[in-house]
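Q: Return a 3D structure for these sequence lines:
(chains A and B)
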Amino acid sequence: DVKVTQSSRYLVKRTGEKVFLECVQDMDHENMFWYRQDPGLGLRLIYFSYDVKMKEKGDIPEGYSVSREKKERFSLILESASTNQTSMYLCATLGTGTDTQYFGPGTRLTVL
Amino acid sequence: GENVEQHPSTLSVQEGDSAVIKCTYSDSASNYFPWYKQELGKRPQLIIDIRSNVGEKKDQRIAVTLNKTAKHFSLHITETQPEDSAVYFCAGYNYGQNFVFGPGTRLSVLP
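A: This next block holds a predicted model:
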């Protein structure tokens, strides 16, 4: 059974703070994704990674960066948090050659 | 690139009635179409999926139909129950590309 965990369920930060969101998976999946989920907009892809130290921009990468130093861990970084980054952040994994994504529980980030 | 639209955005049905949610996609190369259910405060869970070589798939009370010519696919839930209340969203996927998600449908099943 795939297990995808995220470091925090709820997070409150101040404008300008540096924010780290972490995702860990235990299924040896090569591909990992970060999405943000907003009402009426669905899931939008921020960044994804298909291998260690590899990263690709998604549809809305501005204001975000990522890090993948180990296969099981994919971090999303907000260099200087802004109020428009208040959202639900979801991590997901996908095994190479498969087409089923597995999601983490989400982190609800509020930037004040 | 792919664009996925989903209708309706909200849907209320009486318990026991059927619910239908429709998605349309733009990229004819997409060949995998999953549906996810997300209950309040929980992670999205895959509930059913369909591949482009199949026209219909059923799993107990839920079914998905795909019309490749018209580029749309639909989720059908029969005999709805209160625990079916959730946000449902669809996606389109082509291997080697990324998943593109619909905006979601909030389904409320009224007792």
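Q: shaky segments in chain B?
A: For chain B, no stretch has pLDDT under 70.
Q: For it, which segments are assigned as strands?
A: Ranges of strands within chain B are B:4-7, B:10-14, B:19-25, B:32-38, B:45-51, B:56-59, B:62-67, B:72-77, B:86-92, B:100-101, B:105-110, based on DSSP state E.
Q: gap between residue B:44 and chain A?
A: Distance of residue B:44 to chain A, given as Cβ to the nearest Cβ, to the nearest Å: 5 Å. Using the backbone N, CA and C atoms, a C-beta is placed for each residue, glycine as well.
Q: residues in chain A within reach of chain B, list them.
A: Proximity of chain A to chain B (Cβ under 8 Å from any Cβ of the partner chain) is limited to residues A:4, A:33, A:40-45, A:48, A:58, A:90, A:99-101, A:103-106.
Q: In strands, which of those residues fall?
A: Short answer: the residues of chain A next to chain B in strands (DSSP E) are A:4, A:33, A:42-45, A:48, A:90, A:103.
Q: buried set for the host helix or strand of residue A:76?
A: Using DSSP states H and E, residue A:76 sits in strand A:73-78. Neighbour counts over strand A:73-78 (16 or more other Cβ atoms under 10 Å in any protein chain shown) mark A:74-76, A:78 as buried.
Q: hmm, who's touching it?
A: With contact meaning Cβ atoms under 8 Å, 6 or more residues apart in numbering or on different chains, strand A:73-78 is reached by A:13, A:17-25, A:32, A:34, A:46-47, A:49, A:63-68, A:85, A:89, A:91.
Q: Swap in 7 Å and give it another go.
A: Residues outside strand A:73-78 that contact it (Cβ atoms under 7 Å, 6 or more residues apart in numbering or on different chains) are A:18-24, A:32, A:34, A:46, A:49, A:63-68, A:85, A:89, A:91.
Q: Whichever of those end up buried, select them in ChimeraX.
A: For the buried members of the contacts of strand A:73-78, the matching ChimeraX selection, counting by 16+ other Cβ under 10 Å, is:
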select /A:19,21,22,23,24,32,34,46,49,64,66,67,68,85,89,91
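Q: Please flag which of the contacts of strand A:73-78 sit within strands.
A: A:19-24, A:32, A:34, A:46, A:49, A:65-68, A:89, A:91.
Q: Give me the nearest residue to residue 83, chain neighbours excluded.
A: Using chain A. Nearest residue to residue A:83, sequence neighbours excluded (Cβ to Cβ, 6 or more residues apart in numbering or on different chains): residue A:111, at 5.1 Å.
Q: hm, I was asking about chain B
A: Take residue B:83 and drop its neighbours on the chain: the residue closest to it by Cβ to Cβ, 6+ apart is residue B:109, 7.9 Å away.
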